[in-house]
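3D, please:
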Amino acid sequence: MSTQYTINVTNKSPNNQNFFFFQKPAIYLGGEQVYSNSIYEATLQPYSTSGSVLTFNFLQQYYAGAQTQVPNLVVGQASGYTTASQPIDLTSSDPNTQTNNTTNMSVDPSLGLSVPAYTEGVQSGAYRIVTPQFNSVAEKYNAGLAIQNASTGTVVLSNFINAEPLKNIDCQPILIFYVQTGNYEAGSVINFTTSSVGAALCDTTQGITTFNVDYNADGSWTVNSIQNYAGLTQLLNQSALTTLDSVNVTIENEAGTQVLSTGTVDIDTPFTVTNLTNPNSIVVNSDYQIAAGAGYTGYTCTGKVGNDATFV
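Next up, the predicted model:
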């Protein structure tokens with residue numbers, strides 16, 4: 001199931017403010033230098049005089065991205081020219097499940113990415129971009145993670161590394177986002193380390209889908225989050241539960257062919273399964289079948305701490 005995430009920003013300062021949004025860099029196999037881009041930017045008037053709220057919507061759909069690189073990557077300037085993207089799946093933690101986790105990059109006659117297909121050897125929770133042969137002195141390309149604005153449909157390269165010829169680039173996305181003041185247009189390079197200091201943090205990995213972010217008059221941020229109760233309600237309704245007690249659940253692989261773990265869901269809390277009997281079998285950003293009583297339903301693991309895992 002696809003999840004929509006929403007970040008609402010309210011300007012509670014007395015002046016117009018420029019806000020830009022960016023994402024925590026993905027983990028790239030090989031330890032290459034990772035660059036970050038702004039993924040959205042807008043000017044917002046004070047709420048007290050305008051009543052305006054800035055909203056950024058995006059889906060939990062992963063996109064592989066590639067881009068022709070500008071001659072020099074400079075903070076505040078666009079990272080490239082032509083951009084190619086493809087919706088792509090992450091590798092499942094279940095070795096018997098094949099996902100469309102690999103895309104092939106092409107540069108002749110122009111930049112492109114192939115329709116993804118399954119490849120063995122890509123680590124769980126990651127996808128792969130396979131680069132072609134090209135002259136890396138004369139031609140420069142960015143390759144990495146892209147994100148789609150759900151409101152406009154625009155796809156922007158979120159973070160990336162310098163693509164080298166004939167390489168496998170494995171990318172493991174992290175769904176943590178930031179809001180900061182500043183004028184960085186979508187697709188322009190930012191300094192992640194500097195920009196993230198004092199920024200508003202929106203962490204979706206714990207099952208949170210909506211963030212209400214206030215920029216206060218003193219320059220501080222207030223972030224209020226809304227948990228996704230819909231998945232828990234659906235899960236509990238199918239088991240006809242009427243009490244507010246903790247209930248036992250069973251977690252299977254995405255195909256529903258193997259029990260991976262059991263655990264407990266507290267109806268009074270967000271959809272977090274606690275007391276997992278086999279926590280190592282549950283991988284963040286992987287899909288599972290979960291049942292409370294009879295009937296399994298598909299869910300995605302969005303976060304895990306110790307023996308507890310969150311699902312949407």
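
how close does the residue nearest the centre of the chain sit to Val283?
What sits nearest the mean C-alpha location of the chain, by Cα atoms, centre = their mean, is Leu175, with 3.2 Å. When distance is defined by Cβ to Cβ, to the nearest Å, Leu175 is 14 Å away from Val283. Heads up, the C-betas are built off the backbone N, CA and C, glycines and all.

follow-up on the earlier one: tell me who's in contact with the residue nearest to the centre of the chain.
Shown in contact with Leu175 (Cβ atoms under 8 Å, 6 or more residues apart in numbering): Tyr5, Gln23, Gln60, Thr204, Thr205, Asn285, Thr302.

Are we agreed that the fifth one is in a helix?
In other words, Thr205. Yes. Counting by DSSP: H, G, I helix; E, B strand; the rest coil, Thr205 falls inside a helix.

ok, now which ones touch it?
Ile174, Leu175, Ile176, Val284, Thr302, Gly303, Thr310 are the contacts of Thr205 under Cβ under 8 Å, 6+ apart.

In the stretch 151-300 of the chain, what residue spans correspond to helices?
Along the stretch 151-300 of the chain, the stretches classed as helices by DSSP state H, counting those that start in this stretch are 192-196, 230-237.

Would you single out the least confident of the ones you listed?
By mean pLDDT, the lowest-scoring of the helices of the stretch 151-300 of the chain turns out to be helix 230-237, with a mean of 55.

how long is stretch 190-206 from one end to the other?
Counting by Cα to Cα, to the nearest Å, you get 26 Å between the two ends of stretch 190-206.

ok, Ala291 touching Val249?
Yes. Applying Cβ atoms under 8 Å as the test, Ala291 and Val249 come out as touching, 6.4 Å apart.

Please flag which of the contacts of Leu175 sit within strands.
Tyr5, Gln23, Thr302 (DSSP state E).

Backbone dihedrals for Leu145, both of them.
The phi/psi pair for Leu145 (degrees, to the nearest 10) reads phi -110, psi 130.

Equivalent analysis for Ile282, please.
Residue torsions, per degrees, to the nearest 10, at Ile282 are phi -100, psi 120.
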